[in-house]
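**Q** Give the three-dimensional model of this entry:
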Amino acid sequence: MTDITIELLEQYCAEYRNWGRWGDDDQMGTLNHITPAKIAESARLVQQGKVFSLQLPLDGSGPQTGAFGRVNSIHQMVATGTDYVAGKQGYPLELGVADDTLFLFLQGGTQWDALSHIFHKGKMYNGYDAELVSSKGAELNGIENQKAVVSRGVLLDIPRSMGKDYLEPGEAITAEHLDAACAFHGVEVGTGDMVLIRTGDMAHRRDLPGWDGYSAGDSPGLSLLAAPWLAEREVAAIATDTWGAEVRPNEIEGSFQPLHLVMIPNMGLFVGEIWYLDELADDCAADGIYEFQLVAPPLNIPRAVGSPVNPQAIK
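**A** Okay, here's the model as predicted:
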C-alpha cells in the first residue's frame, strides 16, 4: 500500500492541479465538466417521479457545537399571529402578517464549499492570491460563480457495499472501496458526474447526545489515496454525509484536512458536506437504481466562501 506522506500530498497537488485548464479567469473549477449534453443526460434518468431532499433542517438541532466558531441556525420571529390577534399590527382591512429571520453559518449544515474556502501556499483555485478573500468576502472564486450544478448523480453507499451499517471514525475510504461500491451497485462514474459518498456516520450519530462528536471530531471519510480516482474520472463534484468529507484523524501527522488541499485549491473540485443521504440510500437499495438527476445549486450569495443547499435527487 502506498505510504501517505507529505511528499505524496505535494505530488497529488501538483499532478492534479487544474489551474488554467479552463482559462486563466476560470472560477468554476470541475463544474466545467458539466456540459449541456450532461445535463440532458441527467434529465433522462428521471423515470419514477420520486424526489429526495438531501438537506438537514436549518434549526437548533444540527451538528454544530461551537468548534471553529460555528453554531447551529437560530430562527427568530419578527411578526407573529399572536401580535396580530392582540391588535399590535395595525394593517388595514384586518390584514395580518408573519415574518421571521434566520442567523446561520453558511457551512454549518448541508452545504457546498466555494473554491475560495481553502488556501494552499498562499493561493486558492486557479492560482488566485489568498489575499483576494478579505473582510469584504471573496473577490474571486465566490460561491456565486458556481451556477451549473445540475448533473447525473451517483450514490456510493460504502457501508452497504461492505455489508455493514456504518463506517467507524477513522475508517478511510480508498479508491478500491469506491470501485467496489460501483461494482456492488452496478454503476460507473465518469466525466461530469456528481458523486454522493455515504459513510453512515450521520445516521449512526445524529440521534446521540451532541451528535456524539460528529462535527469537527474524528470521522470516517475519503483517504488521500482517493484523490487519483476523483481526478481521473473527472467528477464534477462530491458530497458526503460527514462534516469534513475526508477521514479523521488526518492521515498525515501534524496536518489538517490534507485531501482538501488537493481537492479545492488545486483540483478546483466542488465539495459538499453534511448531506442527508439515508432516505435516498434506502430507496436505492430497494429498487437497485443508484443514479439519478441531482439538482443542487448553492444560494447566490456574492463573495461568500460557502453556501447552504437543499439538494434534490430526482429518480
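**Q** Show me the protein divided up by domain.
**A** Here the domain parsing of the chain from automatic domain parsing is 6-65+106-314, 71-103.
**Q** Quick test: name the residue nearest the centre of this structure.
**A** For the chain, the residue nearest the mean C-alpha position is G272 (0.7 Å; CA atoms, centre = their mean).
**Q** That one should be in a strand, yeah?
**A** Yes - applying DSSP: H, G, I helix; E, B strand; the rest coil, one finds G272 inside a strand.
**Q** Going by contacts, tell me the helices and strands next to the one helix or strand L294 maps to.
**A** Using DSSP states H and E, L294 sits within strand 291-295. Secondary-structure packing of strand 291-295 (3 or more CB pairs under 8 Å, 6 or more residues apart in numbering; DSSP states H and E): helix 36-43, strand 150-157, strand 312-314. Quick note: C-beta positions are derived from backbone N, CA and C, even for glycine.
**Q** repeat that with 10 Å
**A** Packed against strand 291-295 by the contact rule (3 or more CB pairs under 10 Å, 6 or more residues apart in numbering; DSSP states H and E) you find helix 36-43, strand 51-53, strand 150-157, strand 194-198, helix 278-287, strand 312-314.
**Q** Heading C-terminal from that strand, find the next helix or strand.
**A** strand 306-308.
**Q** Dihedrals phi and psi, the residue sitting furthest away from the middle of the chain?
**A** Most distant from the centre of the chain: L93, at 46.8 Å, with distances by CA atoms, centre = their mean. Note on L93: its backbone torsions stand at phi 60, psi 30 [degrees, to the nearest 10].
**Q** just the strands in the stretch 51-200 of the chain please.
**A** With DSSP state E, counting those that start in this stretch, the ranges of strands along the stretch 51-200 of the chain come out as 51-53, 74-79, 99-103, 111-113, 133-134, 137-138, 150-157, 172-173, 194-198.
**Q** quick revisit: can you give the distance of the strand holding L294 from its chain's centre?
**A** From the chain centre to the centre of strand 291-295 is a distance of 15 Å (CA atoms, centre = their mean, to the nearest Å).
**Q** where are the low-confidence patches of this protein?
**A** For the chain, applying pLDDT under 70 flags no range at all.
**Q** ok so, going back, which neighbours does the strand holding L294 have in its sheet, and in what orientation?
**A** Strand 291-295 pairs in its sheet with strand 150-157 (antiparallel), strand 312-314 (antiparallel), by DSSP bridges.
**Q** Checking my notes, I238 in a strand, right?
**A** Yes - counting by three-state DSSP, I238 falls inside a strand.
**Q** was I right about it contacting A296?
**A** No - using CB atoms under 10 Å as the test, I238 is too far from A296 to be in contact (11.6 Å).
**Q** where do the contact lists of the two overlap?
**A** Taking CB atoms under 10 Å, 6 or more residues apart in numbering as the criterion, I238 and A296 both touch 194, 196, 270, 272, 275.
**Q** and of those, the nearest to N250?
**A** Nearest to N250 among the shared contacts of I238 and A296: G272, at 19.9 Å, using CB to CB.
**Q** beta partners of the closest one?
**A** G272 has these beta-bridge partners by DSSP bridges: W112, A239.
**Q** L54 - nearest residue in space that isn't next to it in sequence?
**A** Excluding its sequence neighbours, the residue lying closest to L54 (CB to CB, 6 or more residues apart in numbering) is P311, at 4.1 Å.
**Q** and that neighbour, how many residues sit next to it?
**A** By other CB atoms under 10 Å, the residues close to P311 number 25.
**Q** chain center to the strand or helix carrying C13: distance?
**A** Using DSSP H and E, C13 falls within helix 6-15. Distance of helix 6-15 from its chain centroid, counting by CA atoms, centre = their mean, is 23 Å.
**Q** I'd like to know which elements it is packed against.
**A** Using 3+ CB pairs under 10 Å, 6+ apart, helix 6-15 sits against helix 227-232, helix 258-261.
**Q** Tabulate those (TSV), appending mean neighbour count and distance to L280.
**A** Converted to TSV, these look like this (neighbours: other CB atoms under 10 Å; distance: least, CB to CB, whole Å):
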stretch	mean neighbour count	distance to L280
helix 227-232	19	21
helix 258-261	23	24
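**Q** Compare those and give me the one nearest I289.
**A** Closest to I289 of the helices and strands packed on helix 6-15, according to CB to CB: helix 227-232, at 22.5 Å.
**Q** then the closest one to CSV, C-alphas only?
**A** Presented in CSV, the C-alpha positions along helix 227-232 are these (Å, rounded to 0.1, in the frame of the first residue of the first chain):
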residue,chain,number,x,y,z
ALA,A,227,-7.5,11.7,-5.0
PRO,A,228,-6.4,10.0,-8.2
TRP,A,229,-9.8,8.3,-8.5
LEU,A,230,-11.6,11.6,-8.3
ALA,A,231,-9.3,13.3,-10.8
GLU,A,232,-9.0,10.5,-13.3
